[in-house]
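Novice: Sequence below, structure please.
(chains A and B)
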2 protein chains.
Amino acid sequence: MIETPYLLFLGDAPDPLAAKVAQGIRDWRPDYSIGQLRLDGCKADMRLPDMTLEEARDAGAKTLVIGVANRGGIISETWRSVLGDALRAGFDIASGLHNLLRDEPELVRIAREEGRTLHDVRVPTVKYPIANGEKRKGKRVLAVGTDCSVGKMYTGLALEKAMSEKGMKATFRATGQTGILITGEGVPLDAVIADFMAGSVEWLTPDNDDDHWDVIEGQGSLFHASYSGVTLALIHGGQPDALVLCHEPTRTHMRGLPGYGLPTLEEVRDLSLQMARRVNEGCEVVGISINTYGMDQAAADAYLAEVEDRMGLPTVDPFRQGAGRLADALKALG
Amino acid sequence: MIETPYLLFLGDAPDPLAAKVAQGIRDWRPDYSIGQLRLDGCKADMRLPDMTLEEARDAGAKTLVIGVANRGGIISETWRSVLGDALRAGFDIASGLHNLLRDEPELVRIAREEGRTLHDVRVPTVKYPIANGEKRKGKRVLAVGTDCSVGKMYTGLALEKAMSEKGMKATFRATGQTGILITGEGVPLDAVIADFMAGSVEWLTPDNDDDHWDVIEGQGSLFHASYSGVTLALIHGGQPDALVLCHEPTRTHMRGLPGYGLPTLEEVRDLSLQMARRVNEGCEVVGISINTYGMDQAAADAYLAEVEDRMGLPTVDPFRQGAGRLADALKALG
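Specialist: Purely as a prediction, here's the structure:
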């Protein structure tokens, strides 16, 4: 578990998009985000106070989170210097970069000397069990998609927020690196060893109060040839009571697979339910989340209405509308 | 790739079952098996010449294969001494033990000094790609099961043998440790990192002659809550043209999951085909392989006839009858 609150490191972000991890933390865990640290030339701004390491430490920050992608996949000399200073100032460091902090000998040495922790959230550090398939207490909802990168994490975080606002007990359970950095914990499922995938999801979503919902972050798609196994492990390990279908309507082929078209929402509904009912026979699809980023307001409204009518399920874009109607649908499940 | 031929190390096997890896090599790759090395008290016998390290080396053996499970999961002092001598005598060593050879400092040191290789086949050594889902040349058949451990490896090896005897081009593609030790190469799929599972299967079954069949070793089951993700990666990465359904009729619940009954052969057929056709729309189920080990001959014959009639597909026990009829069914596919 990563210690909070955070100082968000934006580095020399060439544009706002490069800092999307920081943006996610800022949006979904504003109470974790007490300041930002920017270097010369940084083009991103979280609208948080700019702080030095000392100022952030005095304000209570415990961890410097790398909220930006590094240029060229290299941890530059400038970054290395700042990260070393952060360790010396008493910060842990958390990173989802491909280049691991642990592969930087100087940072490893300083962290050891200072008694600080380097969190590479891409790499599992837990010895997960083999899944046992046993029914657990509490409820679970999982986002499943027509494709990768259609808004499953966003949907889950919006759902957690809407449920909390309605007084429901809900915990977002991160299964990807950005989600882990946002919430400070989780399972980097795509990096787990095959035999332990479903077990890691059971581990992530243990027994809980009968009226508590784990909102499990979805990954991949049952229809994506590269990652479908990860998705199925998530369904079988997660034992969902409820599913939310996620879709991005302007996508013309599966992400990274030019030869593959997207499945229909009906196909995703039927196959996901069949799979989920193997481990939880009461599982239901409760709603649909559409990422209408690529559409104007009128087109988005028309599309959402069409899907809602066709599928007979509450259909929202959580970015435009919030996930309140999906939360209501979960509440109605009992 | 493990160098052949082998000297099979049977150690101090407490019973024949403990040496089942050696038995598999002996049965399926008799030309790889030029001798056996047994210690005092060994209760297993492959009916191969007992050889000293020197005799086996002079006979051409390149690799000492650990064909036996170690007692208590510990590499004993006696074993360590023999394995060290083998390295000094010029052998590589191959092992599927949980305890890795690479975790034995003395063996690592001797191997380095002697320029020999320690093969821990449980651990992937290749950097596998992400699957790209593109159609490859050549044909592929995959065994899919109602459960784990119902005879998928045996079925695949029997199929390779029957196809070769009929003059068909066929290569067994190992995806588990025993299969890798038998054939000398393969992918230890259960130990591959989640994101690369399907890619590792694509890597294992590359473009080939149009009339060549890869016979892909199956793993797990789409219906097994612990391992289903591995099975789906195998189907999507393998792009099978043909499936063989595997079943063990005396099983009362899923292996390791007392609360889960087995799916029917019809359920396995329908779901596996649906999944396979996502990546290869022409995929067909060509036959059924039943492990009737727990039945007497009359019961086995009656069961096989009943399934064949019900499913309308050639149904055999490859141990009792060979896999000739399954090979014929593949040939008929063209």
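Novice: only C-alpha atoms for contact and neighbour calcs from this point on.
Specialist: Fine.
Novice: Per-residue pLDDT of the residue of chain A positioned farthest from its centre, please?
Specialist: The C-alpha centroid of chain A is most remote from A:E113, which lies 32.3 Å away (C-alpha atoms, centre = their mean). A:E113 carries a pLDDT value of 98.
Novice: how close does it get to B:I75?
Specialist: 37 Å (C-alpha to C-alpha, to the nearest Å).
Novice: Write out the residues of the stretch 151-300 of chain A neighbouring chain B.
Specialist: A:189-199, A:223, A:225-233, A:236-237, A:256-257, A:259, A:278-279 (C-alpha under 8 Å from any C-alpha of the partner chain).
Novice: at 7 Å instead, please
Specialist: Within the stretch 151-300 of chain A, the positions lying close to chain B (C-alpha under 7 Å from any C-alpha of the partner chain) are A:190-195, A:198-199, A:225-230, A:232-233, A:236-237, A:257.
Novice: now swap in the stretch 1-150 of chain A and tell me
Specialist: A:130-133.
Novice: Tell me the one of the residues you listed nearest chain B?
Specialist: Closest to chain B out of the residues of the stretch 1-150 of chain A next to chain B is A:A131 (4.7 Å), distances taken as C-alpha to the nearest C-alpha.
Novice: A:V201 is in contact with the closest one, correct?
Specialist: No - the criterion here is C-alpha atoms under 7 Å, and A:A131 misses it with A:V201 at 8.2 Å.
Novice: Give me the common contacts of those two.
Specialist: A:G237 (C-alpha atoms under 7 Å, 6 or more residues apart in numbering or on different chains).
Novice: more crowded one of those two?
Specialist: Just comparing A:A131 and A:V201: by other C-alpha atoms under 10 Å in any protein chain shown the higher neighbour count belongs to A:V201, 28 against 25.
Novice: Which of the helices or strands spans the more buried one?
Specialist: Using DSSP states H and E, A:V201 sits within helix A:197-204.
Novice: tell me the angle of the helix or strand just after that helix relative to helix A:197-204?
Specialist: Following helix A:197-204 in sequence order, the next helix or strand is strand A:212-216 (DSSP H and E). When axes from the mean of the first three to the mean of the last three C-alpha atoms, to 10 degrees is applied, the directions of strand A:212-216 and helix A:197-204 differ by 140 degrees.
Novice: Can you tell me what sits against strand A:212-216?
Specialist: By C-alpha under 7 Å, 6+ apart, strand A:212-216 touches A:138-143, A:156, A:160, A:169-174, A:205.
Novice: Just the buried positions in stretch A:310-329, please.
Specialist: A:313-319, A:322-329 (16 or more other C-alpha atoms under 10 Å in any protein chain shown).
Novice: quick one: which of these sit in helices?
Specialist: Counting by DSSP state H, those place A:318-319, A:324-329 in helices.
Novice: Now distance to B:L271 too, for those residues, in TSV please.
Specialist: Output for these, formatted as TSV (distance: C-alpha to C-alpha, whole Å):
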residue	distance to B:L271
A:P318	32
A:F319	35
A:G324	35
A:R325	33
A:L326	29
A:A327	32
A:D328	33
A:A329	29
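Novice: Most widely separated two among those?
Specialist: Within these, A:F319 and A:A329 form the most distant pair, 17.8 Å apart (C-alpha to C-alpha).
Novice: need the helices for the stretch 151-300 of chain A, in chain order.
Specialist: Secondary structure of the stretch 151-300 of chain A, counting by DSSP state H, counting those that start in this stretch: helices at A:152-165, A:177-183, A:197-204, A:228-238, A:265-279, A:297-311.
Novice: Kindly format the C-alpha coordinates of the fifth one as PDB.
Specialist: By that I understand helix A:265-279. In PDB, the C-alpha atoms belonging to helix A:265-279 read as follows (Å, rounded to 0.1, in the frame of the first residue of the first chain):
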ATOM      1  CA  LEU A 265     -23.200  -5.000 -26.800                       C
ATOM      2  CA  GLU A 266     -25.600  -7.900 -27.000                       C
ATOM      3  CA  GLU A 267     -22.700 -10.300 -27.600                       C
ATOM      4  CA  VAL A 268     -20.700  -8.800 -24.700                       C
ATOM      5  CA  ARG A 269     -23.800  -9.000 -22.400                       C
ATOM      6  CA  ASP A 270     -24.500 -12.700 -23.300                       C
ATOM      7  CA  LEU A 271     -21.000 -14.000 -23.100                       C
ATOM      8  CA  SER A 272     -20.000 -12.100 -20.000                       C
ATOM      9  CA  LEU A 273     -23.100 -13.200 -18.200                       C
ATOM     10  CA  GLN A 274     -22.600 -16.800 -19.200                       C
ATOM     11  CA  MET A 275     -19.000 -16.700 -17.800                       C
ATOM     12  CA  ALA A 276     -20.000 -14.800 -14.600                       C
ATOM     13  CA  ARG A 277     -22.800 -17.200 -13.800                       C
ATOM     14  CA  ARG A 278     -20.300 -20.100 -13.700                       C
ATOM     15  CA  VAL A 279     -19.100 -18.600 -10.500                       C
END
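Novice: neighbours around A:S289, how many?
Specialist: Every residue meeting other C-alpha under 10 Å relative to A:S289 is counted, giving 29.
Novice: Just the residues contacting stretch A:31-49, thanks.
Specialist: With C-alpha under 7 Å, 6+ apart as the criterion, stretch A:31-49 contacts A:4-16, A:19, A:23, A:26, A:50-52, A:56, A:61.
Novice: List buried residues within these.
Specialist: A:4-14, A:16, A:19, A:23, A:26, A:50-51, A:56, A:61.
Novice: Of those residues, which belong to helices?
Specialist: Those of the buried ones among the contacts of stretch A:31-49 lying in helices (DSSP H): A:23, A:26, A:56.
Novice: quick check, nearest of these to chain B?
Specialist: Nearest to chain B among those, with distances taken as C-alpha to the nearest C-alpha, is A:Q23, at 25.4 Å.
Novice: residue contacts, A:L142?
Specialist: A:215-218, A:240, A:242-244.
Novice: Can you select the buried ones from the residues you listed in ChimeraX?
Specialist: Buried subset of those, written as a ChimeraX selection, criterion 16+ other C-alpha under 10 Å:
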select /A:215,216,217,218,240,242,243,244
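Novice: got the contacts of A:L142 as JSON lines, with distance to B:P249 and pLDDT columns?
Specialist: JSON lines is the format used below for the contacts of A:L142 (distance: C-alpha to C-alpha, whole Å; pLDDT from 0 to 100):
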{"residue": "A:V215", "distance to B:P249": "39", "pLDDT": "98"}
{"residue": "A:I216", "distance to B:P249": "36", "pLDDT": "98"}
{"residue": "A:E217", "distance to B:P249": "38", "pLDDT": "98"}
{"residue": "A:G218", "distance to B:P249": "36", "pLDDT": "98"}
{"residue": "A:P240", "distance to B:P249": "30", "pLDDT": "98"}
{"residue": "A:A242", "distance to B:P249": "33", "pLDDT": "98"}
{"residue": "A:L243", "distance to B:P249": "34", "pLDDT": "98"}
{"residue": "A:V244", "distance to B:P249": "37", "pLDDT": "98"}
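Novice: and stretch A:89-98, how far out from the chain's middle?
Specialist: Mean C-alpha position of stretch A:89-98 versus that of the full chain (C-alpha atoms, centre = their mean, to the nearest Å) differs by 18 Å.
Novice: Start and end of that stretch, how far apart?
Specialist: 25 Å.
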